[in-house]
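S.K.: let's see this in three dimensions:
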Amino acid sequence: MIYVVGHKNPDTDSVVSAYVYAKFKGDGFMPAVLGELNNETKFVFEKFNITPPVLLSNIKEDDKFVLVDHNEITQIADGMKVDQIIEILDHHKVNVSFSNPIYITTKPYGSTASIVTEIFLEEKREVNKTLAGLLLSAILSDTIIFKSPTTTEKDKQFAVVLSEISGVKNVEEYGIELFKKKAEVASKSPSQIIFNDFKDFDFKGKKVGIGQIELIDVNDLYIRKDEILPQMEIIKNDNSYFAVILVVTDIMKEGSYLWVVGNKESIYDIFRINDENNYKEGIMSRKKQVVPLLEQNL
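M.R.: Purely as a prediction, here's the structure:
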């Protein structure tokens, strides 16, 4: 079987991209996920009346994989070997090497869903109402309704096309609806909040886990900070992290709070923050604004 799969702790972009790209590839390609879907992603698939990809729980030696929305070895499925990967479709920088050539498509767009959309349009393949709704949702989610610095004109152009096909008339209104679903934190455990959108990174041998959650009203999360920080500490200790960071993004203010456990002095120095003042105006993107600073300075 050839699985099309996103990263661990799947977000809307990785799940939608896996689903729609598998449709593009056709027979023999199956979309899959590596973990539980977040509230936003569940809402998207329910809205467009689609069954989400299957949970991949058992990898066989003869399975092959197409990776979407990731290429870091720390983010691939447990048990997957590098030589089982036959293709990568991603909007992050490439940070992996192979003994043999494979197909790699990377573009500096705000979402992998934008790359998938472009492939469909270039190949003149039909994007029906359902697929358009899924792709639009993923673009809005990953670009934070076009407020992320990763957003490009291509993302905006594709969103216009997809909104017309899907029948979503007010794109910004729909984007806010998505983030309200993602931000339903009252019923989530501290672990679910931390792992809502969480990725592992290796910075010169220092393992750092970085989660991000984007909220319309950060006060919904702030009242639970005393629950979340101890759980971050447990996660750090259990998994030998150098540090665990939760990027709490305020969509309306267009900035983020950085909650940190483990080697706080090093992280605080890099971002010029402290316990009392850990808000960074303008930081909206883990990929473009958080990870590069850590990569350069750790």
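S.K.: quick check: mean pLDDT of stretch 283-291?
M.R.: For stretch 283-291, the mean pLDDT works out to 94.
S.K.: first vs last residue of that stretch, how far apart are they?
M.R.: This stretch, stretch 283-291, spans 11 Å end to end (C-alpha to C-alpha, to the nearest Å).
S.K.: show residues contacting that stretch.
M.R.: 92, 144, 147-150, 199, 201, 210, 212, 245, 247, 249, 254-256, 258, 282 (C-beta atoms under 8 Å, 6 or more residues apart in numbering). Every residue, glycine included, has its C-beta placed from N, CA and C.
S.K.: in strands, which of these fall?
M.R.: 199, 201, 210, 212, 245, 247, 249, 255-256, 258 (DSSP state E).
S.K.: if we can go back for a sec, just the buried ones from the contacts of stretch 283-291?
M.R.: For these, a burial check counting by 16 or more other C-beta atoms under 10 Å picks out 92, 144, 147-148, 150, 199, 201, 210, 212, 245, 247, 249, 255-256, 258.
S.K.: which secondary element of this protein has the worst mean pLDDT?
M.R.: Within the chain, no helix or strand scores below helix 219-222, which has a mean of 88 by mean pLDDT, DSSP states H and E.
S.K.: give me the contact list for that helix.
M.R.: The contact list for helix 219-222 (C-beta under 8 Å, 6+ apart) reads 183, 185-186, 193, 213, 215, 228, 248.
S.K.: identify the farthest-apart pair in those.
M.R.: Maximum pairwise distance among the contacts of helix 219-222 (C-beta to C-beta): 15.4 Å, between A186 and V248.
S.K.: between these two, which one's more packed in?
M.R.: Applying other C-beta atoms under 10 Å to A186 and V248 shows that V248 carries more neighbours, namely 22 against 9.
S.K.: which residues touch the more buried one?
M.R.: Contact partners of V248, counting by C-beta under 8 Å, 6+ apart, are 212-213, 215, 218, 221, 256-259.
S.K.: again, 7 Å this time
M.R.: For V248, the contact set (C-beta atoms under 7 Å, 6 or more residues apart in numbering) comprises 213, 215, 218, 221, 256-257, 259.
S.K.: so which of those comes closest to E164?
M.R.: Distances from E164 to the contacts of V248, taken by C-beta to C-beta, are shortest for L215, at 29.4 Å.
S.K.: quick check, nearest of the contacts of helix 219-222 to P10?
M.R.: I213 (14.4 Å).
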